[in-house]
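S.K.: What would the 3D arrangement of this be:
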Amino acid sequence: MRQVHDEYLEAGADVLETNTFGAHRFKLGPHGLESQVRKINREGARIAREAAKGRPSWRERSAPSGSPSPPSATSAGGGAGGLPEQVEA
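M.R.: Coordinates of the predicted model:
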């Protein structure tokens, strides 16, 4: 993922995504990784921050960008589903 971030920045990107959109309990649970939600999201954010370090145009954000949440991220238990867990991480 770090290489992808670097390539986007070299191409002129101002924003990096953490690539953790599906890293919530509803997607990770079937793979036995439900307990790793926080760790996976924190690592995705760490990698993006590391890639962006020292670049003045970069801004942190904790909201999905570009596309709506899939039904599994916002349902299956009501409310915001797994998104609050991702943002908290």
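
S.K.: separation between V87 and G12?
M.R.: Going from V87 to G12 by C-beta to C-beta, to the nearest Å gives 28 Å. Placement of C-beta: from N, CA and C, glycine included.

S.K.: more crowded one of the two?
M.R.: Set V87 next to G12 and count neighbours by other C-beta atoms under 10 Å: V87 wins out with 12 against 7.

S.K.: what about that one, which helix or strand?
M.R.: Element membership for V87 (DSSP states H and E) is helix 83-88.

S.K.: Tell me where the model's unsure across the protein.
M.R.: For the chain, applying pLDDT under 70 flags the ranges 56-81, 89.

S.K.: Quick one: the helices in it, in order.
M.R.: According to DSSP state H, the chain carries its helices in the segments 2-10, 25-28, 37-52, 71-74, 83-88.

S.K.: Out of those helices, which is closest to N19?
M.R.: N19 lies closest, by C-beta to C-beta, to one member of the helices of the chain: helix 37-52, at 5.8 Å.
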